[in-house]
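Engineer: sequence first, predicted model second:
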Amino acid sequence: MPGRAARLLLGTLFVLFLLFLYGPTLTITILSFQGPDGGLTFPMNGVSLHWFGRLFQTQAVGDLGASMTRTLLLAAMVTASTVVISLAAGMAFRRRFPGSGALFYLTLASLIVPSILVSLGVGLLFNRMEWEPAWYSSAFGAQLTWTLPFGLLIMFAVFNRFDRAWEEAARDMGATPWQSFWHVVLPIIAPSVVGIALFGFTLSFDEFARTLLTAGSGNTLPLEILGMTTTVTTPVLYALGTVSTALSFLVIGGAILGMRLLRRRRGV
């Protein structure tokens, strides 16, 4: 009996946790299907796709299309850079070299510094150098200070458990260092590489603080939403939230599907 009561209590707490975690997202998704005369709160005034259509129309305040394009391009740049640099650093840190310890802790230090201070520092640097801040330069660098440490930590953990015997076997069979990496190492660590890519994309896609003072005149989507919250009083913001959530699930689903196809191709 005590065991059943404990399971019931834990189950109830878990359900409440799920409601707390996904309740706001579910609420926004439901309200995004308001009718043309619907407002920002319940009760709903009809059901339609009206506000999704409004996303692709010119807004009185803000430019959702341009900001979404900038956000996706920036996320793609950050994702690619995070994957390449993390993978290269993981390979380099397999052997000790002078200054490796200091470089490692210096990289992780950006996780400790408040994001808004990183944004301020990058913005001041560009101002002192008389460079024009933009989403593809200063914001790109500021976001890398956020995504790279996570990618490096994942890669270090992977190579810490990596069995070098596989590489040595490939070398014994006549493979060059590049061939052993491409045909042996990379396929084994591919799931972790995909995980780093997902980390980089999701962290960049909704990053606000490190982009606030570095994006220049071209707002990313989070900055555009912030500017619209004080003036837009229609469910178009909810429709935007639903679309961005669906996009996130689409990216995750694409990554999972890609991994399954890769494993099937390898015959695993």
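Structural biologist: Arrived safely, thanks for sending.
Engineer: how about residue 218, nearest residue that isn't a chain neighbour?
Structural biologist: residue 135 (4.9 Å; C-beta to C-beta, 6 or more residues apart in numbering). The way it works is simple: take the backbone N, C-alpha and C, and place the C-beta from them, glycine included.
Engineer: surely the one you found meets residue 222?
Structural biologist: No. Applying C-beta atoms under 8 Å, one finds residue 135 not in contact with residue 222, separated by 11.5 Å.
Engineer: who has more neighbours out of the two?
Structural biologist: Each of residue 135 and residue 222 has its neighbours counted (other C-beta atoms under 10 Å); residue 135 has more, 23 against 18.
Engineer: need the residues touching each of residue 135 and residue 222.
Structural biologist: Shared contacts of residue 135 and residue 222, defined by C-beta atoms under 8 Å, 6 or more residues apart in numbering, comprise residue 211.
Engineer: so which residues of the stretch 151-268 of the chain form strands?
Structural biologist: Taking DSSP state E, counting those that start in this stretch to define them, one finds no strands in the stretch 151-268 of the chain.
Engineer: mean confidence for stretch 101-120?
Structural biologist: Mean pLDDT, taken over the full extent of stretch 101-120, equals 86.
Engineer: please identify the buried residues of that stretch?
Structural biologist: 104, 107, 110, 115, 118, 119, 120 (16 or more other C-beta atoms under 10 Å).
Engineer: among these, name the ones in helices.
Structural biologist: Assigned to helices by DSSP state H, the following of the buried residues of stretch 101-120 qualify: 104, 107, 110, 115, 118, 119, 120.
Engineer: which of those sits closest to residue 30?
Structural biologist: The nearest member of those to residue 30, counting by C-beta to C-beta, is residue 115 at 31.3 Å.
Engineer: correct me, but the closest one touches residue 147?
Structural biologist: No. Counting by C-beta under 8 Å, residue 115 stays clear of residue 147, with 12.0 Å between them.
Engineer: the residue nearest to residue 218 belongs to a helix?
Structural biologist: No. Under the criterion used here (DSSP: H, G, I helix; E, B strand; the rest coil), residue 135 is coil, not part of a helix.
Engineer: list the residues that contact it.
Structural biologist: 70, 74, 211, 214, 215, 216, 218, 220.
Engineer: swap the cut-off to 6 Å and go again
Structural biologist: Applying C-beta atoms under 6 Å, 6 or more residues apart in numbering to residue 135 gives the contacts 70, 74, 215, 218, 220.
Engineer: so how far is residue 220 from it?
Structural biologist: 6 Å (C-beta to C-beta, to the nearest Å).
Engineer: surely residue 209 and residue 113 touch.
Structural biologist: No. At 11.0 Å, residue 209 does not count as touching residue 113 under the criterion of C-beta atoms under 6 Å.
Engineer: quick revisit: out of the contacts of residue 135, who's nearest residue 14?
Structural biologist: Once C-beta to C-beta is applied, the member of the contacts of residue 135 that ends up nearest residue 14 is residue 220, at 34.9 Å.
Engineer: got the contact list for the closest one?
Structural biologist: 67, 70, 71, 135, 211.
Engineer: which SS state does the residue nearest to it when sequence neighbours are not counted fall under?
Structural biologist: Excluding the flanking residues, the one nearest residue 220 by C-beta to C-beta, 6+ apart is residue 71, at 4.6 Å. Following three-state DSSP, we place residue 71 in the helix state.
Engineer: okay then, goodbye and thanks.
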